[in-house]
Structure formats: structure tokens, C-alpha cells
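Engineer: My questions are about this predicted structure, shown below with the sequence.
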Amino acid sequence: MRYDHQSLRLSASDLANHLGCSHLTYLDLCAARGELAAPSYKDPALEALRQRGFEHERGYIEHLGSQGLSIVELAELGDEQSNHERTVQAMKAGPDVIVQATLLGDGWLGRSDVLLRVDKPSNLGKYAYEIADTKLARETKGRTMLQLCLYSDLLRQLQGMLPEYMYVVPPGNGYKRETYRVDDYMAYYRLVRQRLIDAVRNGSWHSDATYPDKCEQCNICRWWKVCDDKRHEDDHLCLVAGISKMQIGELQTRQVDTLEALAQTTMPLNPSPERGAPETYERVHHQARVQLEGRVKNKPVHELLVLEEGFGLYRLPKPTSQDIFFDFEGARFVGDEGLEYLFGYVSIESGGPQYHALWAMNAEQEKATFEAFIDEAMARWEADKGFHIYHYAPYEPSAIKRLMGRYAAREDEVDRLLRGERFIDLYAVVKHAVRASVESYSIKDLEPFFGFERQVNLRDASHNLRALEYALEFDAAEAISDEVKEAVRGYNEDDCLATLRLRDWLESLRAQLVADGEQIPRPEHGDGMPSEALDEAMTRVQALATRLTEGIPVEREDRTRQQQAQWILAQLLEWHRREDKAIWWEYFRLVELSDEELLDERDAIGCLQFVEHVEEPGRGSVIDRYRFPHQEVKLRTGNKVLTQEMGTKPFAEIVGIDPVRGDLLLKKGPSRANIHPSSVFAHDIVGTRPLREALFRIGEWVADHGIDANGFCRAGRDLLLAQPPRLKGEAVEQVMAR
């Protein structure tokens, strides 16, 4: 956004930024007018992303060149108008590809990565151009679609016709383009564009029109410090840890505008809130009260929450000498799937805590490091049946599951760790056990409560983390200096030690309660062994997989086509069970959430209140009406729902739901007629046993006769062999040749 000859010129970034944060538009407008000095903000991570983006774009252009397409590259020379005129000249010349085109029109500026020539008539002649942009994101976002729509709109003005398609080129997959129909998105684009135009060209738009609310844009915004200072100056409600935008809006309608005002508000709210459950407002009220107390006393303040069986301190297992305290460091943009480059953990040794760093600078090392870590965990479990892995927040077990699936390695061991509930999330313990005077319940904000002091400065750590990730992203691990590596190692060690000290602090809180007479039993975690039926099925599959892969080389390039087909078939025997795991992991995640936490799950309805029996359809079934607070829900009539107490079988069927009024009708069987749950959630799993058995039958036949013998399921085996389908025993290519 800038003024050009007293005329405001907007760009695709302004359009996307306005979608992300309207206050950002106001600040950028003030800077363009000269009313505010824009802060200098340089994030090494963003610089790394830009460089990686340039490399991805260059790779795509080289890919187009390898196809024999004619390419014109337009370097930026002079002002935007001259760059635009050079783009128009290039379009009239008609090359297959135009790189870095500058597009102007109606006060808008666009710079497209690539224009692709298509055989469609336009003002240019018998051809026209369509937009293709290279993006690092693996999922195309709304801001990307807005950007492409703007470029397509500007292109329309130059060639006299709107492009039919626009393209995104994500990383990996051989530069395969994602195709989008332009007309499908133009109405959305016109709406957002008009909102931005109204905002920047409306003379009445002033500083009171927007507010610097916290949003995702803050993570990459140059104005974040300005906005953060403003929020603290105003003592804004968003400073209350865990408060939602919905709650802020509801409180502001009651003239409760600050953290201090919320801390002093009488609870429960009267009248009851129109949005959200009354209990959630009491929670944020008490959170604000503790934060205000900490501010007034100028020291960390905390208080224990009411004990709730199954949550908080109830989740702490008995400590053992084999326990470890675990934390990952990862780089999201390495390769196509990211890289967990440091597995760090602290163990308890006779001389005190001992830190271990397992490094992985590429995918091969990541697999080996993952296997080594799981082997270490299993050895410790074998040494002490009470062993657990402590971590903070859900990332670590999620990454372990992802690595297990990516490399198809240590599957049985990871399954045992998960079934045996060996991963202990201390964040889940903290949020149900302690209320603290912090704006965020990150482990770093909690460290003053248990007296932990970091050895590595967080600002220095951030710089070195970015430097290391940058090197890994560009396959330059050899460029990582010992100083950078040691700083990252120290940062990870601090995280692991902080996890240990947090566990010890929580144990001390538990011990004091027990000393005061509270009964807090330890959780009972099993040995994680599979059920007899599952163990039998796994043994059966593994035996067949061994038969199928016997004598097949380990390396892909050493296999024949028949060996590769047989190897794939062996892996497919376990495919459905692997896929089912993700569904069951989600089930167990939902089961462990409290009613209040289920308010944030679209597949659940939390804080239900029984209202009345509506009718009895017969055969003992009943339909009951429930009321629930405002929440985002995607459940619909006909969905079968479960409860946390009733196991995996459906509890009831939704026969009526009105999310606006908060009205729910549940049809229940006779055995559940008088059971009234406080929450329900959906969990659908399609049985795959017939499919698994079909694959097993094919596998047995192949193990006996070979992958390319005539006979049973020839079409399926042709598919594995990458052969064309057959007509009456002959391949299609043979028929076509005749």
C-alpha cells in the first residue's frame, strides 16, 4: 500500500492482510499517508521462507523450460509503470511462459510469478494467458485465492477476457499444479476487495474504527509490538489467558472492557450470557482475578483448582528412576514433510539429571534416530513397569505417530506406548490443576513458579534456531556452525529440564494436598499389550508379509518389477489397520477432554442440560430435549453420538438440532432412557475387515503361486505390477496394437 502521484495504490498483500486483520490495514494506511513511521521488522524465519520461495519458483521455471516451452523473464527495471508496459509487450509477443509479470489497473498492483499461455482467443489474438503462482504452503489458503483472483482480474483488463483457470504450484510432487476455476471464487474476491476499498477510501475511517485484536496475522506482522503495547496500555480483555473472542464480545456488551473490570465483576453473570456457558465466564473471571493479583503484588501468584477425578493431578503417575522428559525441535519446511532434527530428553541418573541429544540432519537420520529413541523408551519400560515419557503440550506424541506412519517403523512398540498411556502431557495436568497469573500457559511463562532459570537466552536461541532451520531447508547441513548447534542444543536442554522441574513442582502440590487429607489415587496404566484377537491377527499378517518379502532386496532400485509389486502387496496387508489408528487416536483424544474443552470441538456438543422428555416412540425408546450453550457445531440430524462414559458404542441418535437456539433432541434406547450426559460427540469408523481379508487372500495366493502367474485376481495383480488392464486375457495395449 502506497501513494503514487497522490493516488493510493493497493496490492494483493493489502487484500490478504485486510482479510487477516482490518487493523493492519489502518496502520498501513497511516504509514502510507506519512502519519505513522512503519517499524523495521526483520524475522530471520520470514527471510528463510522468502529465499525458499525463490528457490521453489526457480525450480518450477526450470521445469517448464525442460518441457521445451519458450520463456520470457522480466526483471524489475525502473518504476512499476515501465515494468507493466514491458509485461504488455511480452504478452503481445506471445511466449509460452512469462515470469514476474507486473500487472496494473484501477489503482491495483500485482506481480504474478508466472503467466501461462493457453489456446483461447482474446484481444491478444488466438491465445490468452492464465495465472500460476508457486507457494510453499501444502494447503492452499484463502489469501492465496484472493491474490490469484486479483491477478486474474488485472489480466482480464489487459487481454479482454477473464482467465478460465488459475493455478497453484505447491512443493514436491514433480511441480504438479493445483487447478482452480476462476469464476468459482470471483464473488468472494469482489466482496473482500470492496470491503478494503471502502475501508481505505472512506474519509470517516479513523483510529476508533478498528482495534488490534490478537490474531494469526500477529505472528508475521511488522506492527505486532505496536499492537501489543496498545493492548497492555488498555488492559484489554484479550490479555486474560484462555479467553475467547466470543466471550470478549459478550462481556463488552455488558461494559466489561478490561482485565481489571472482569476480575472485579460479580459472578455468575446476570442475566445469563447469550453466547457460551455461564461456567466458562466464571473460569475467565477467576483467571483475570489471579492475573490482577499477580500484577498488584508484582510477583507470580497461583491457586489450585478444585480436584476433578480423571483430570489434573489425578493424571500424575508415580515417578520412577526410568522416567524421561522429552522435547522435539523440528523444521516444518525441510523437504515435503518437514524434519524432526533434534530428539532431546533428560533422564534421572545417580549423579542427577542427564541430557541426551539425538540429531537428525536428513530423512535417513530421522528414521534411525526415531527408531533409537523408541528402542530406548522400550528398554526403560522393560527395566521399570512404571516408566513414563513426560512432555508439555500434545506435539510430541503426535509427531511420534507421524514418524511411525511415515517410515512404517516401530509400529508395534509405538502402539504399546500409546495403549499403555506412557506419554504424560503436563500441559493437560496444569490446565486442570492450577490457575496462575500468566497471560499464556506456555511452559516458559510458568517457569517462575518452580524457580527454573534458562541457561540460553530466548532471543539468542530464536536466532540460532532460525539459522539452523534455514540451513536444513536448503540442504546445507554442513554449513551449520558448532556455535549454532550448541545454542540449539542448550535451548532444547532447557526445555527438557523445565519439563522435569514442572513435573516435580506438580508433584509437590499433589503431596501437600495428600498431606492435608485429600485422596488422589495414581492413574492405573496397563502394559499396552494388544488384545488376544489383535495379537493373533498381527501374527498372522506378519507371517504372510515375511513369506511375501523373502529374498526381496531392501533397496528399491535393486528390485525387479515383480519383486516391487510383491513388496507393495506385503505392505498393503497392514494398510487398513494403520489408517484405522488415526481414527481411534481421535476418539481417545475426545474422550480425555472436559465438557468445557468439548465446547471448542466441532464434532462435539459440550455443557448439555436436560430439559424434558419429549416423547416415547415405542419399544422403550425415548426422545429427550437438551439445551446447550452457543458453540460451533457441525453435527446434524441423523448423526450417531457417543459419550465419554459409555464406551465406543453409539449412545443416541440426533433427531433434531438447532445450533442457533441451542436445542438438541436425542433418541435413546430403553437402557439409556434415564441417562443424561453432560456432553456428546461423533465418532464414525467404517469396518474394514472384509477389505483386509480380501487383501490377505490375494497375499496367500501370491505367496503360493507368484505375483504374475495366471489365475486368481489377475486384475488386482496387474494393478500392482503397473500393467494395463486385460480384455479376455490380453492386455489392452496388445489389443490396440492389432
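Structural biologist: Noted; the coordinates are in hand. Note that this is a predicted model, so its numbers are computed, not measured. Residues are numbered from 1 along each chain as shown.
Engineer: can we go C-alpha only for contacts and neighbour counts from here?
Structural biologist: Will do.
Engineer: pLDDT below threshold where in the chain?
Structural biologist: The chain contains residues with pLDDT under 70 at 4-5, 41-49, 137-140, 202-208, 618, 728-738.
Engineer: Show the contacting residues for the spatially most central residue of it.
Structural biologist: In the chain, the centroid-proximal residue (C-alpha atoms, centre = their mean) is Tyr395; its distance is 10.0 Å. Neighbour list for Tyr395: empty [criterion: C-alpha atoms under 8 Å, 6 or more residues apart in numbering].
Engineer: how much space between it and Leu721?
Structural biologist: 39 Å (C-alpha to C-alpha, to the nearest Å).
Engineer: do the same with Gln512
Structural biologist: Counting by C-alpha to C-alpha, the gap from Gln512 to Leu721 is 66 Å.
Engineer: Check Val488 too.
Structural biologist: Shown here: Val488 relative to Leu721, a distance of 47 Å by C-alpha to C-alpha.
Engineer: Which of the two has more residues huddled nearby?
Structural biologist: Comparing Val488 with Leu721 by other C-alpha atoms under 10 Å, the one with more neighbours is Val488, at 24 against 18.
Engineer: Three-state assignment for the residue lying closest to Leu417 once chain neighbours are set aside, please.
Structural biologist: The shortest distance from Leu417 to any non-neighbouring residue, by C-alpha to C-alpha, 6 or more residues apart in numbering, is to Gly528 (6.3 Å). Gly528 falls in the coil class when you classify it by DSSP: H, G, I helix; E, B strand; the rest coil.
Engineer: So for stretch 601-610, what gets flagged as buried?
Structural biologist: Buried positions in stretch 601-610, judged by neighbour count with 16 or more other C-alpha atoms under 10 Å: 601, 603-609.
Engineer: Can you lay out those as JSON lines showing distance to His676 and secondary structure?
Structural biologist: Below are the buried residues of stretch 601-610 laid out as JSON lines (distance: C-alpha to C-alpha, whole Å; DSSP: H, G, I helix; E, B strand; the rest coil):
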{"residue": "Glu601", "distance to His676": "20", "secondary structure": "coil"}
{"residue": "Asp603", "distance to His676": "19", "secondary structure": "coil"}
{"residue": "Ala604", "distance to His676": "15", "secondary structure": "strand"}
{"residue": "Ile605", "distance to His676": "13", "secondary structure": "strand"}
{"residue": "Gly606", "distance to His676": "12", "secondary structure": "coil"}
{"residue": "Cys607", "distance to His676": "11", "secondary structure": "coil"}
{"residue": "Leu608", "distance to His676": "9", "secondary structure": "coil"}
{"residue": "Gln609", "distance to His676": "8", "secondary structure": "strand"}
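Engineer: Which strands and helices lie in contact with the strand or helix carrying Glu282?
Structural biologist: Here Glu282 sits within helix 278-297, counting by DSSP states H and E. If you count contacts as 3 or more C-alpha pairs under 8 Å, 6 or more residues apart in numbering; DSSP states H and E, helix 278-297 packs onto helix 259-263, strand 434-436.
Engineer: mind running it again at 10 Å?
Structural biologist: helix 245-252, helix 259-263, strand 302-304, strand 434-436, helix 595-598 (3 or more C-alpha pairs under 10 Å, 6 or more residues apart in numbering; DSSP states H and E).
Engineer: now those in JSON lines, with distance to Pro553 and mean neighbour count?
Structural biologist: Converted to JSON lines, the helices and strands packed on helix 278-297 look like this (distance: least, C-alpha to C-alpha, whole Å; neighbours: other C-alpha atoms under 10 Å):
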{"stretch": "helix 245-252", "distance to Pro553": "57", "mean neighbour count": "16"}
{"stretch": "helix 259-263", "distance to Pro553": "65", "mean neighbour count": "22"}
{"stretch": "strand 302-304", "distance to Pro553": "59", "mean neighbour count": "15"}
{"stretch": "strand 434-436", "distance to Pro553": "55", "mean neighbour count": "22"}
{"stretch": "helix 595-598", "distance to Pro553": "49", "mean neighbour count": "18"}
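Engineer: Which residue comes closest to Leu635 once chain neighbours are left out?
Structural biologist: Among residues not flanking Leu635 along the chain, Asp603 sits closest, at 6.2 Å (C-alpha to C-alpha, 6+ apart).
Engineer: and the one you found, what does it touch?
Structural biologist: Residues counted as contacts of Asp603 (C-alpha atoms under 10 Å, 6 or more residues apart in numbering) are 590, 632-636, 641, 680-683.
Engineer: roughly how far apart are it and Phe681?
Structural biologist: Note on Asp603: its distance to Phe681, by C-alpha to C-alpha, is 6 Å.
Engineer: so what sits against both of these two?
Structural biologist: Counting by C-alpha under 10 Å, 6+ apart, the contacts common to Asp603 and Phe681 are 590, 635, 641.
Engineer: ok, now how distant is His302 from Gly451?
Structural biologist: Distance from His302 to Gly451, by C-alpha to C-alpha: 14 Å.
Engineer: Likewise for Glu35?
Structural biologist: Taking C-alpha to C-alpha, one finds Glu35 at 45 Å from Gly451.
Engineer: what do you get for Pro553?
Structural biologist: 55 Å.
Engineer: same check, this time on Cys149
Structural biologist: For Cys149, the distance to Gly451 - C-alpha to C-alpha - is 53 Å.
Engineer: Which one's more surrounded, these two?
Structural biologist: Counting neighbours by other C-alpha under 10 Å for Cys149 and for Gly451 shows that Cys149 has the greater number, 27 against 12.
Engineer: tell me, which helix in the protein spans the most residues?
Structural biologist: Taking DSSP state H as the criterion, the chain has its longest helix at helix 482-515.
Engineer: Assess the claim that Val168 and Cys149 are in contact.
Structural biologist: No: shown here, Val168 and Cys149 do not form a contact pair, counting by C-alpha atoms under 10 Å, at 11.9 Å.
Engineer: Overlap in contacts, those two.
Structural biologist: Ile131.
Engineer: Next, the buried residues of the host helix or strand of Leu191.
Structural biologist: Remark: Leu191 resides in helix 186-201, with elements defined by DSSP H and E. By neighbour count with 16+ other C-alpha under 10 Å, helix 186-201 contains the buried residues 186, 189, 192-193, 196, 199-200.
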